[in-house]
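*Asks:* quick one: sequence and predicted model below, then my questions.
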Number of protein chains: 8
Amino acid sequence: MKLIARQRCKLNLPILITAAYFAALPTWNYAAEESPVTIPIHRLSLDVATKAATAAIEACRKEGVNVTVAVIDRGGREQVVLRDTLAMPLTLEVAKQKAYAAMNFNTPTSQLESRFTSPFSPGKVEGIVLSAGGIPIEAGGTIIGGIGVSGAPSGSMDEKCAQAGLTAIIDELEMSL
Amino acid sequence: MKLIARQRCKLNLPILITAAYFAALPTWNYAAEESPVTIPIHRLSLDVATKAATAAIEACRKEGVNVTVAVIDRGGREQVVLRDTLAMPLTLEVAKQKAYAAMNFNTPTSQLESRFTSPFSPGKVEGIVLSAGGIPIEAGGTIIGGIGVSGAPSGSMDEKCAQAGLTAIIDELEMSL
Amino acid sequence: MKLIARQRCKLNLPILITAAYFAALPTWNYAAEESPVTIPIHRLSLDVATKAATAAIEACRKEGVNVTVAVIDRGGREQVVLRDTLAMPLTLEVAKQKAYAAMNFNTPTSQLESRFTSPFSPGKVEGIVLSAGGIPIEAGGTIIGGIGVSGAPSGSMDEKCAQAGLTAIIDELEMSL
Amino acid sequence: MKLIARQRCKLNLPILITAAYFAALPTWNYAAEESPVTIPIHRLSLDVATKAATAAIEACRKEGVNVTVAVIDRGGREQVVLRDTLAMPLTLEVAKQKAYAAMNFNTPTSQLESRFTSPFSPGKVEGIVLSAGGIPIEAGGTIIGGIGVSGAPSGSMDEKCAQAGLTAIIDELEMSL
Amino acid sequence: MKLIARQRCKLNLPILITAAYFAALPTWNYAAEESPVTIPIHRLSLDVATKAATAAIEACRKEGVNVTVAVIDRGGREQVVLRDTLAMPLTLEVAKQKAYAAMNFNTPTSQLESRFTSPFSPGKVEGIVLSAGGIPIEAGGTIIGGIGVSGAPSGSMDEKCAQAGLTAIIDELEMSL
Amino acid sequence: MKLIARQRCKLNLPILITAAYFAALPTWNYAAEESPVTIPIHRLSLDVATKAATAAIEACRKEGVNVTVAVIDRGGREQVVLRDTLAMPLTLEVAKQKAYAAMNFNTPTSQLESRFTSPFSPGKVEGIVLSAGGIPIEAGGTIIGGIGVSGAPSGSMDEKCAQAGLTAIIDELEMSL
Amino acid sequence: MKLIARQRCKLNLPILITAAYFAALPTWNYAAEESPVTIPIHRLSLDVATKAATAAIEACRKEGVNVTVAVIDRGGREQVVLRDTLAMPLTLEVAKQKAYAAMNFNTPTSQLESRFTSPFSPGKVEGIVLSAGGIPIEAGGTIIGGIGVSGAPSGSMDEKCAQAGLTAIIDELEMSL
Amino acid sequence: MKLIARQRCKLNLPILITAAYFAALPTWNYAAEESPVTIPIHRLSLDVATKAATAAIEACRKEGVNVTVAVIDRGGREQVVLRDTLAMPLTLEVAKQKAYAAMNFNTPTSQLESRFTSPFSPGKVEGIVLSAGGIPIEAGGTIIGGIGVSGAPSGSMDEKCAQAGLTAIIDELEMSL
């Protein structure tokens, strides 16, 4: 497994550079070396995911707004969903879809708004919202999941709260990988 | 419960001011005070909801058109749906989605048309139409639900009929809260 | 029932004039007179609906293309669907949705393309395509259903074939109402 | 149109007799006579549909329960949906599906429970619940729609309230056809 | 392509025998011989599919009932859907799902009712009804599609009408393959 | 509002008694008294809902299993969803549906398994699972929401964890109403 | 069957010329000649479809990216789906929808982006993405299926990999038809 | 990360023993020790997943049947889907749902048929088929994904082919963990 870990770091760097325009998904060049049987996909523990979600809720409460926050894993499945007491039902769907979009494109959704503009581009696919408020959870070049926020008066405030959620866990996350 | 009531009124005012640009959802700053166990969500009685829906139908009949009107509660669930005799089946879906959008954004849908223009912004999420004809049901700074109308020759006439529905109940609603 | 029939004719004319801008749905002003218990909704017999669909298929065959044609009733339910031998599977969905749109708005879909342009206007609702190829089935001021065609190299050819379908039945339809 | 009306009455009777075992849908033997161009499908006016729905709500209130009632037309589209103030959200879906089932099979849903027992029989199709509480709206041998109730402590009480809704309009309905 | 044709015939026979218990899908033993690049899937022309559908409608009209009939191709896509004038909207879904089930299992749906009885067996999958009224369209050991009927007072009458549809085309179908 | 509060308490008691057989939804007899304009629907604050969800997670961790827990409000909308680190994706759907079922029927789902046995009874409707693990959140005769757990080796352990979640908040909940 | 084969070739050529602007679906003019009973639809063998998919995966690995590739048949059904080890879940949906779009329009999806721009044109229909990365599988004037790729940093790289997949099989495909 | 690996092994054993009755999902007792930040979820490389899928296809070809095989990862997302040349479209859905069910319950689906028998138990949830043909991919006490097969004349043959798929990779899988 050590070999794999090194291999991943070695490969990710040039890929991130050449594909930086589009927020490339870090990938694995199996052809170049003997293929592994399995690879590890890192998933937040529930405890850490909840810490991030709670921090996002609190950051928005400080702004005086009730929001929904969703944290999803690398498979796109919900780990934590918290809807603040007065947040509207629609925020559930929007928060989840922002988190899912950010994870899939490994890019904050605020940067995806201008990237997909044709009405039937991949942004059309069900389950993703490309609007500020979602950010990928990523550490050490590894995508781990996504966090999305909905319900604030503006997308930039949604994003600020999502960022506060990520900030609350990024240090221990970086150190653990 | 009295404390809660006062607290809500006290908090809503500044929030509505600072967030007026986006039609902020009135929220609750739990951090600042001891948290309540439950909060009351106000729901129209069926009788009052029906009065609003009937007034909307009649306002549009006066214009010579048959429409559908939908009244939903704060959880986004239908309370009353009336489709006038000759209104088309599509008006069912459109009226419900306008009501749901207006409630979620606490804003008439006529004002949402220009707010969400990117094709994959939150307006994309299933279940909402951002087009004139939906208005929030709100009184005393509290969001109670939404009313939506579809089927008139123009969105502005849809909105006019929805407004007639709200007007029919607003006085007793304001006095009851 | 005779009173009803006269009443409908009398009312439809002025409504169609005042609301012509938007292709108003003919409606009924119950307030003005005693309300009927039921109203008759006219539905094509299967035989006549099939005649229309077959004429549309043949019109497109003459152009050298295989299309799908759908005929729906006033409730928006399919009466006839014919997919020509080599027409693609996607044409099934598109033909049905054009027919449904044309019926609901009582307007050829070619005229709806420019009417709904905001991405979250009623055109967003699932089940309708606003693109040339759908036309309402209407006679004597009464909306009876819709016919939609998909699969030709252009929307205008789709519409031409749909029109051929309607033309094949319009005379007997007009005479029967 | 007169010929049609007579033809329908003449034909419906023997059909109802021969097919009584299964609650046959009254049909039309086009082969036997010259085919009509259109046939009239009778639809309740909104006013009459609302009267039925209100009577069902009130009948259940007298039993001390809050229910949802749905009235649908012959195309299966909602005309009136009333959810009493405290009725649960699930009752919306159940009431609509009972009404739709009763209309489609022209049979009270209480009689359909034992008819479809295999897990993948037509009862499986989405949109129908085969449980007491739905009854067809039918008069003079003509199916006009369906009414469904959900939310009472038992299906038989749901059905009793639905029946109260139908009873409130059956006389004027019978006389009008 | 000649080799393929012979190969198919040679192989199908023993497979049908060994797997007859479950209505085996005729398959191809690529391992045993050089693999073809493509194989031909036979599809009814629209004209022949319509002939079958019309015969099914007429067979049920002779019984005094209005039904819906659906003919689908080997990819499970609708070729023809005819809903008789008074058939209920639910029959659309049921007829299609019977046709799709019969084609997929290459077995009349009347024989599938007793085969899948556990509630979460493959019969659970959306899109299939396992109840009399669907039969596969098959000739010369080749599955070509399916035909399904819904709306008669009993499943056996549905099946009888579907069979009448197949009978109307089976001879020319057998001769053409 | 005081009148309402007293009225509710007064009315709920006899209703719960007469309808105890089926876990009656507490309702409101508007006919008997002057109708209120709105009624208050009680919703847990996020903080209390999270306390319940966390207690359920921990109760199952003590049993050595990772589960998902969902808390929903009276409108059936998610307030908190926590999926423990190794819980399977399917547990998300099952936990939500148990919570929703328990709330709608105001009954633990373990008691609903034997109540709905016909395959097309209301249990068929999408969005509910009738299997042990869901319990209503109810206090002082008022239904407030539901809590559902999925992922334990048995439904009874799921229910035990859900009950632990409710136990963690029931005292402050009872006192607050 | 020989007549059919000749007939198809004879007809396809002029149609492709006159309708080249829109990438016409090759069709069959049954009216002009006696209609066939069935026509053959060519489907790739699994072995050849897998060869194409594998070549697409490898072409993208050489670029340092992990993608998903989907190959569908003429009925729009998946034959092969390969998601490379680190490709995101969203790429599954996007790859399938690009393949389906390319097949239905018999055109690379990169050329469809500018063709459908109105938000409610046929591009709106569920199941298709009109963005570079999908190409039809076609040989000898016959449409056989589609191949779609998603996950590369740009749509043009997706298309390049899809093209590599088609290139890997085009020679044997052309020779076999 | 080493601590984590040891911890997992140490904990899984007793859990599997105590919960063996129900095919317990191996879980993590965070309470007992300091909680990890992330845990590794093992995913097959595409190359190994394809090897398993191909072996399943070939095992069924040897039996003379064409099937679909699906391999999914621990997040329930497709990695490989292969539909053999003549397998029916329905097999796509069934194979995926068997794989997903087997993974979620960490149990062959053949053993789940008798476990969930009430019609509204968790087996009701959309996306799972509980019928022989799906088996979990598991090694060293770790669940990695699932493999499902559909299309053989019996579920036991489906399962035999799925098992052949797993057998083809189990040794290198066991050694790699």
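*Replies:* Ah, there it is. Numbers count the residues shown, from 1 in each chain, chains lettered A, B, ... in the order given.

*Asks:* now the helix or strand hosting A:Ala52, how far from the centre of its chain.
*Replies:* Assigned by DSSP states H and E, A:Ala52 belongs to helix A:46-62. Counting by Cα atoms, centre = their mean, to the nearest Å, helix A:46-62 is centred 14 Å from the centre of its parent chain.

*Asks:* for stretch A:89-108, same thing?
*Replies:* Distance of stretch A:89-108 from the chain centroid (Cα atoms, centre = their mean) equals 8 Å.

*Asks:* same check on stretch A:98-110?
*Replies:* Distance of stretch A:98-110 from its chain centroid, counting by Cα atoms, centre = their mean, is 5 Å.

*Asks:* and stretch A:142-150, by the same measure?
*Replies:* Using Cα atoms, centre = their mean, the offset of stretch A:142-150 from its chain centre is 2 Å.

*Asks:* what does stretch A:39-56 give?
*Replies:* The answer for stretch A:39-56 is 11 Å, by Cα atoms, centre = their mean.

*Asks:* right, is it up against chain B?
*Replies:* No. In terms of Cβ under 8 Å from any Cβ of the partner chain, no part of stretch A:39-56 sits within range of chain B; the closest distance is 11.7 Å. Where you see a C-beta, it was placed from the backbone N, CA and C, and this is true even at glycine.

*Asks:* ok, residues contacting the following helix or strand past the helix holding A:Ala52?
*Replies:* As assigned by DSSP H and E, the chain's next helix or strand after helix A:46-62 is strand A:68-73. Under the contact criterion Cβ atoms under 8 Å, 6 or more residues apart in numbering or on different chains, strand A:68-73 has outside partners A:43-44, A:49, A:52-53, A:56-57, A:78-84, A:87, A:91-92, A:94-96, A:98-100, A:103, A:137, A:144-151, A:161-162, A:165, H:41, H:75.

*Asks:* return stretch A:107-122 as PDB; C-alpha atoms alone will do.
*Replies:* C-alpha atoms of stretch A:107-122 as PDB (Å, rounded to 0.1, in the frame of the first residue of the first chain):
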ATOM      1  CA  THR A 107     -14.100  22.700  -7.800                       C
ATOM      2  CA  PRO A 108     -16.100  25.200  -5.800                       C
ATOM      3  CA  THR A 109     -19.500  25.500  -7.500                       C
ATOM      4  CA  SER A 110     -19.000  29.300  -7.600                       C
ATOM      5  CA  GLN A 111     -16.400  28.600 -10.300                       C
ATOM      6  CA  LEU A 112     -18.700  26.300 -12.200                       C
ATOM      7  CA  GLU A 113     -21.400  28.800 -12.900                       C
ATOM      8  CA  SER A 114     -19.600  30.400 -15.800                       C
ATOM      9  CA  ARG A 115     -18.100  27.100 -17.000                       C
ATOM     10  CA  PHE A 116     -21.300  25.400 -18.100                       C
ATOM     11  CA  THR A 117     -23.600  27.800 -19.900                       C
ATOM     12  CA  SER A 118     -25.200  25.800 -22.800                       C
ATOM     13  CA  PRO A 119     -28.600  24.600 -21.500                       C
ATOM     14  CA  PHE A 120     -27.900  21.000 -22.300                       C
ATOM     15  CA  SER A 121     -24.300  20.700 -21.200                       C
ATOM     16  CA  PRO A 122     -23.400  18.200 -18.400                       C
END
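
*Asks:* buried residues in it?
*Replies:* Neighbour-count burial for stretch A:107-122, with 16 or more other Cβ atoms under 10 Å in any protein chain shown as criterion, is recorded at A:107-110, A:112-113, A:115-116, A:118-122.

*Asks:* state the pair within the residues you listed that is farthest apart.
*Replies:* For these, the maximum inter-member distance is 23.3 Å, found between A:Pro108 and A:Phe120 (Cβ to Cβ).

*Asks:* and the longest strand for chain A?
*Replies:* Ranked by number of residues, the top strand in chain A under DSSP state E is strand A:142-150.

*Asks:* now it and helix A:46-62, what's the angle there?
*Replies:* For strand A:142-150 against helix A:46-62, the angle by axes from the mean of the first three to the mean of the last three Cα atoms, to 10 degrees is 30 degrees.

*Asks:* residue contacts, the residue in chain A that chain E sits nearest to?
*Replies:* Residue nearest to chain E within chain A (Cβ to the nearest Cβ): A:Glu126, separated by 16.5 Å. Contact partners of A:Glu126, counting by Cβ under 8 Å, 6+ apart, are B:126, G:93, G:126.

*Asks:* name the helix or strand for it, please.
*Replies:* Here A:Glu126 is assigned to no helix or strand, by DSSP H and E.

*Asks:* what's the pLDDT at it?
*Replies:* With respect to pLDDT, A:Glu126 scores 97.

*Asks:* mind listing the strands for chain A?
*Replies:* Along chain A, counting by DSSP E, strands occupy A:38-44, A:68-73, A:78-83, A:134-139, A:142-150.

*Asks:* what's the most buried one of those strands?
*Replies:* Burial of these is given as mean neighbour count (mean count of other Cβ atoms under 10 Å in any protein chain shown); strand A:68-73 ranks first at a mean of 31.

*Asks:* partner strands of it, parallel or antiparallel?
*Replies:* Strand A:68-73 pairs in its sheet with strand A:78-83 (antiparallel), strand A:142-150 (antiparallel), by DSSP bridges.

*Asks:* that strand vs strand A:134-139, what angle?
*Replies:* 40 degrees.

*Asks:* returning to that earlier point: and the strands paired with strand A:68-73 as JSON lines, adding mean pLDDT and distance to C:Pro36?
*Replies:* Listed next are the strands paired with strand A:68-73 as JSON lines, based on pLDDT from 0 to 100; distance: least, Cβ to Cβ, whole Å:
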{"stretch": "strand A:78-83", "mean pLDDT": "98", "distance to C:Pro36": "47"}
{"stretch": "strand A:142-150", "mean pLDDT": "97", "distance to C:Pro36": "47"}
